[in-house]
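S.K.: no letters, just coordinates:
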């Protein structure tokens, strides 16, 4: 039920995800009648995948403006809480939501639990780099005023994700700072730097500056949630401004406007690439289960990408590996959330609201 | 002597600034012989402005990697220290440097002094917005872990600058946060929010998120130096990536490459617009004098822009107004740094290293 466009984008996005992956099944949570309207409105090419969409009626919703504490007091039959419960019970391998991020974090923590030592989920997304690859940036808003210990946790989570999801043997990890010299930055960042240097086996690259996130020289960049959130949202804003200006340049400069017309699809693709959360979703890491947050402003395509991300994390059994990386006891691949109702299938049963 | 390109960019940039402004005189600080070589190398169209360039020999330099504490112990005859002394003595109305930022802040503070209550300079630059205007972002790296009181100082400095330099009657001021609700963010930010709400006469717009810096809805965005630095550098990195990708799209897509050739100057201009520090310079605010930092990677054009910024701040007698805004006693227009040797001329005598 979340997202600026309401259930239309999520239902269409779910159908797109099904069309792209024949092994996928999706549960949709929300008021049955509203979801049914959206299912009926699916274009024909998507409607035929509807058989793999299961409607799960939930009478209530988590409001976009609701505070996490209020979300925790809300009835258990909101679409968000029911989706998370479905993941927690192992009926689905992963959950995706385009709703209220703070509420999602709080409810996911309650329903799924955290892996060893992590107080609350970190949020991470894959940022495109100049080399054509991507770089995981975390945290993105969940943990304001992060201590050195939390920054080290983020490094462990990000490193394990890059290993597991991208298959990197030795992900390059860096800490965001205002300069590359060891004497710069707040105490928490300098202390985290010292701890990461002591971590044997980590390919730690020391400090990087904001611009280095896009340079392609590192695979994971760690910062506190305030900074990460500001950087990510500023990047979204700048990408929007830049694409608008490029478009305007073409549209005003050549009277025939042929060039502008030719350029439009390329610019659109570029905009998508550079708006990673809107198009790829963001992972909530440190939970004993998989939850991916789709951007509130995501289109159906954006929501489908978030589902694909969740499928990939399920297929790679990410939570068990994160738990292992954090020194927990659960074996990789374990954890109730990724055991699907149908047994050991890898990529079936995505809970979606 | 600063900047990645060394004195060539600064000497050429100074000459460009002179060409653009017939009322301007410039002092150049550095080893006389190296500056003379660059003066001789000036293209003819710029060489004729050389008469208004005065070489001031300084035997030493501040190294790019030198820590501020080391810069304070360095001999007094470095180009940076001599330039600042020239401003402090009122021989020049403003100073511009492309050198080591930390050293520049420390030396400027020592040579010029601070206006009432400001412990060290804040750094600010004008960020382009979607509406075609700009927004001042501060702080950009000088003040890590800023308290609520410092954030309020930044708001006062930014507001006074937007009033004085841009002639705005009521600049719209906002605080950067991870959400727009009052309950979000670290304690220092929430405390600053409460204080700004109590400030009568301020057009305070509350919290904004990273993307809003570019939206054009506010004139001043305030944050601590760590966040501002990360956001600014990430924006620079993203702008570079984006312009590269747009260029590649055009170069690979149309085999004739005519479009790419046509697009190149427009893209170059766009890149300049979106790399504000490199092209416009950043102001050190809170000093009893005018100091503008040009980006280390600035071209001659970028350095000339930084000089133009310094001229404008001198013409508008910015430090006196900032002092007044901060509750100091100096009358607007006062302060030794903006009284030039030649009397009360408004825009003459820019000290440059």
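M.R.: Received it, and whenever you're ready, just let me know what you need. Just so we're clear, the structure is a prediction, and the values are computed from it rather than from any experiment.

S.K.: partner strands of the helix or strand harbouring residue A:174, with direction?
M.R.: Assigned by DSSP states H and E, residue A:174 falls within strand A:172-176. Each strand paired with strand A:172-176, and its direction, by DSSP bridges: strand A:203-208 (parallel), strand A:220-222 (parallel).

S.K.: what about the stretch 51-200 of chain A, any weak spots by pLDDT?
M.R.: The model of the stretch 51-200 of chain A has pLDDT under 70 over residues A:145.

S.K.: run the last query once more with 90
M.R.: Scanning the stretch 51-200 of chain A for pLDDT under 90 picks out the ranges A:51, A:64-65, A:67, A:116-120, A:128, A:130-133, A:141-146, A:178-186, A:200.

S.K.: which parts of it sit against chain B?
M.R.: Counting by CB under 8 Å from any CB of the partner chain, the residues of the stretch 51-200 of chain A close to chain B are A:65, A:67, A:128-130, A:141, A:144-145, A:176-179, A:181, A:183-186. Just so you know, the C-beta spots here come from the backbone N, C-alpha and C atoms, and that holds for glycine as well.

S.K.: any of those residues buried? List them.
M.R.: Buried members of those, counted by 16 or more other CB atoms under 10 Å in any protein chain shown: A:67, A:128-130, A:141, A:144-145, A:176-179, A:184-186.

S.K.: which of those residues fall in strands?
M.R.: Per DSSP state E, strands hold the following members of those: A:128, A:176.

S.K.: stretch A:216-233: end-to-end distance?
M.R.: End-to-end distance of stretch A:216-233 (CA to CA, to the nearest Å): 20 Å.

S.K.: avg pLDDT for that stretch?
M.R.: The pLDDT scores in stretch A:216-233 average 95.

S.K.: what distance separates the strand holding residue A:174 from the middle of the whole chain?
M.R.: In terms of CA atoms, centre = their mean, to the nearest Å, the centre of strand A:172-176 is found 19 Å from the chain centre.

S.K.: about what we covered before: packed most tightly, which of the strands paired with strand A:172-176 would that be?
M.R.: Each of the strands paired with strand A:172-176 was scored by mean neighbour count; the highest is strand A:220-222, a mean of 29, by mean count of other CB atoms under 10 Å in any protein chain shown.

S.K.: unless I misread the structure, residue A:190 falls within a helix.
M.R.: Yes - under DSSP: H, G, I helix; E, B strand; the rest coil, residue A:190 falls within a helix.

S.K.: of the buried ones among the residues of the stretch 51-200 of chain A next to chain B, which belong to helices?
M.R.: The helices, defined by DSSP state H, take in nothing from these.

S.K.: and residue A:323, how far from chain B?
M.R.: In this structure, residue A:323 and chain B are 27 Å apart, going by CB to the nearest CB, to the nearest Å.

S.K.: that residue against residue A:115, yeah?
M.R.: Yes - counting by CB atoms under 8 Å, residue A:323 does reach residue A:115; the two are 4.0 Å apart.

S.K.: centroid residue for chain A?
M.R.: Nearest residue to the geometric centre of chain A (CA atoms, centre = their mean): residue A:282, 1.3 Å.

S.K.: residue contacts, it?
M.R.: Residues in contact with residue A:282 (CB atoms under 8 Å, 6 or more residues apart in numbering or on different chains) are A:123, A:124, A:125, A:140, A:292, A:293, A:295.

S.K.: now the helices for the stretch 1-150 of chain A?
M.R.: Remark: helices assigned in the stretch 1-150 of chain A by DSSP state H, counting those that start in this stretch are A:7-20, A:32-40, A:44-47, A:68-73, A:79-88, A:101-112, A:148-166.

S.K.: save those helices as CSV, and put in mean neighbour count and distance to residue A:54 too.
M.R.: Converted to CSV, those look like this (neighbours: other CB atoms under 10 Å in any protein chain shown; distance: least, CB to CB, whole Å):
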stretch, mean neighbour count, distance to residue A:54
helix A:7-20, 24, 10
helix A:32-40, 15, 10
helix A:44-47, 12, 15
helix A:68-73, 15, 24
helix A:79-88, 25, 10
helix A:101-112, 24, 19
helix A:148-166, 23, 27
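
S.K.: rebuild these as a markdown table, extending it with distance to residue B:265.
M.R.: As requested, those are exported to a markdown table (distance: least, CB to CB, whole Å):
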| stretch | distance to residue B:265 |
| --- | --- |
| helix A:7-20 | 39 |
| helix A:32-40 | 47 |
| helix A:44-47 | 43 |
| helix A:68-73 | 50 |
| helix A:79-88 | 50 |
| helix A:101-112 | 42 |
| helix A:148-166 | 38 |
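
S.K.: those helices: which one's closest to residue A:269?
M.R.: Distance to residue A:269, taken as CB to CB, is lowest for helix A:7-20 among the helices of the stretch 1-150 of chain A, at 16.6 Å.

S.K.: what comes into contact with that closest one?
M.R.: With contact meaning CB under 8 Å, 6+ apart, helix A:7-20 is reached by A:1-3, A:24, A:26, A:28, A:30, A:34-35, A:38-39, A:41-42, A:45-47, A:49-50, A:52-53, A:98, A:294, A:298-304, A:306-308, A:311, A:350, A:352-353.

S.K.: what number of residues lie near residue A:50?
M.R.: Residue A:50 has 17 neighbours, counted by other CB atoms under 10 Å in any protein chain shown.

S.K.: once you drop chain neighbours, what's closest to it?
M.R.: Leaving aside its sequence neighbours, residue A:50 sits nearest to residue A:39 (CB to CB, 6 or more residues apart in numbering or on different chains; 5.9 Å).

S.K.: any idea how far the one you found is from chain B?
M.R.: Separation of residue A:39 from chain B (CB to the nearest CB) stands at 33 Å.

S.K.: residue A:49 is in contact with that residue, correct?
M.R.: No - between residue A:39 and residue A:49 there is no contact under CB under 8 Å: 10.6 Å.

S.K.: so what's the residue nearest to the centre of chain A bridging to?
M.R.: Here residue A:282 sits in beta bridges with residue A:293, as judged by DSSP bridges.

S.K.: report the angle between whichever strand or helix holds residue A:226 and helix B:225-253.
M.R.: Using DSSP H and E, residue A:226 sits in helix A:225-253. Between helix A:225-253 and helix B:225-253, the angle comes out at 40 degrees (axes from the mean of the first three to the mean of the last three CA atoms, to 10 degrees).

S.K.: distance between helix A:225-253 and the chain's centre?
M.R.: Distance, centroid of helix A:225-253 to centroid of chain: 20 Å (CA atoms, centre = their mean).

S.K.: burial measure for residue A:75, as a count.
M.R.: 9.

S.K.: tell me the contacts of it?
M.R.: Taking CB under 8 Å, 6+ apart as the criterion, residue A:75 is in contact with A:60, A:81.

S.K.: returning to that earlier point: from residue A:293, how far out is the residue nearest to the centre of chain A?
M.R.: To residue A:293, residue A:282 is 5 Å away according to CB to CB, to the nearest Å.

S.K.: kindly report the same for residue A:303.
M.R.: Note on residue A:303: its distance to residue A:293, by CB to CB, is 11 Å.

S.K.: spit out the residues that contact those two alike.
M.R.: Residues touching both residue A:303 and residue A:293 by CB under 8 Å, 6+ apart: A:96, A:98.

S.K.: how far out from the middle of the chain is stretch A:106-115?
M.R.: Centroid displacement of stretch A:106-115 relative to its chain, using CA atoms, centre = their mean, is 16 Å.

S.K.: let's verify residue A:284: helix, strand, or coil?
M.R.: strand.

S.K.: OK, contacts around it?
M.R.: Applying CB under 8 Å, 6+ apart to residue A:284 gives the contacts A:104, A:105, A:108, A:121, A:122, A:123, A:142, A:291, A:292, A:293.

S.K.: show me which of those residues is closest to chain B.
M.R.: Nearest to chain B, judged by CB to the nearest CB, of the contacts of residue A:284 is residue A:142 at 9.2 Å.

S.K.: the closest one contacts residue A:225, doesn't it?
M.R.: Yes - using CB under 8 Å, residue A:142 makes contact with residue A:225 at a distance of 5.1 Å.
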